[in-house]
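Trainee: any chance you could fold what I've pasted below:
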Amino acid sequence: MPATTSIRIDQTLYDQAKADASAEHRTIAGQVEFWAKVGRAALDNPDLPVSFVAESLASMAEPREHAMPFVPRSRAA
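Mentor: As a prediction, the model looks like this:
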């Protein structure tokens, strides 16, 4: 199990994390960690839309057996 550290956060942010965590089937800590990872990746890749970064990180966290194979679209001639 990874080491954990307690931190203080604003109650409003906690409440938002709690609501989003429920909708995304994550723990509150997991939701805050996801937001932090999205923020870090977005800062590291400023040319990418934040929604793309978030969706990419979420897909990377899914079990491999749930992955769908990539099927490229055919090009119009």
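Trainee: leaving out chain neighbours, which residue sits closest to Ala41?
Mentor: Nearest-residue entry for Ala41: Val53, 4.8 Å, with adjacent residues in sequence omitted and distances by C-beta to C-beta, 6 or more residues apart in numbering. Every C-beta, even on glycine, is put in place using the N, C-alpha and C of the backbone.
Trainee: tell me how far the one you found lies from Ser74.
Mentor: Val53 is 28 Å from Ser74, where distance means C-beta to C-beta, to the nearest Å.
Trainee: more neighbours: those two, which one.
Mentor: Val53 (19 against 6; other C-beta atoms under 10 Å).
Trainee: check which helix or strand covers that one.
Mentor: For Val53, the host element (DSSP states H and E) is helix 50-61.
Trainee: so what touches that helix?
Mentor: Phe34, Lys37, Val38, Ala41, Ala42, Asn45, Ala67 (C-beta atoms under 8 Å, 6 or more residues apart in numbering).
Trainee: do the same with stretch 63-77
Mentor: Counting by C-beta under 8 Å, 6+ apart, Ser59 sit against stretch 63-77.
Trainee: what about it, distance to the chain center?
Mentor: Averaging C-alpha positions (C-alpha atoms, centre = their mean, to the nearest Å) puts stretch 63-77 21 Å from its chain's average.
Trainee: how about it as PDB, C-alpha atoms only?
Mentor: Taking Å, rounded to 0.1, in the frame of the first residue of the first chain, the C-alpha atoms of stretch 63-77 are listed here in PDB:
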ATOM      1  CA  PRO A  63      -8.200  -2.400 -16.400                       C
ATOM      2  CA  ARG A  64      -6.700  -3.600 -19.700                       C
ATOM      3  CA  GLU A  65      -9.500  -6.200 -20.100                       C
ATOM      4  CA  HIS A  66     -12.000  -3.300 -20.500                       C
ATOM      5  CA  ALA A  67      -9.900  -1.600 -23.200                       C
ATOM      6  CA  MET A  68     -11.300  -1.300 -26.700                       C
ATOM      7  CA  PRO A  69      -8.900  -1.800 -29.600                       C
ATOM      8  CA  PHE A  70      -8.100   1.300 -31.700                       C
ATOM      9  CA  VAL A  71      -9.700   1.200 -35.100                       C
ATOM     10  CA  PRO A  72      -8.600   4.100 -37.300                       C
ATOM     11  CA  ARG A  73     -11.200   5.700 -39.500                       C
ATOM     12  CA  SER A  74     -10.700   5.200 -43.200                       C
ATOM     13  CA  ARG A  75      -9.600   8.300 -45.100                       C
ATOM     14  CA  ALA A  76     -11.900   9.900 -47.600                       C
ATOM     15  CA  ALA A  77     -10.500   9.600 -51.100                       C
END
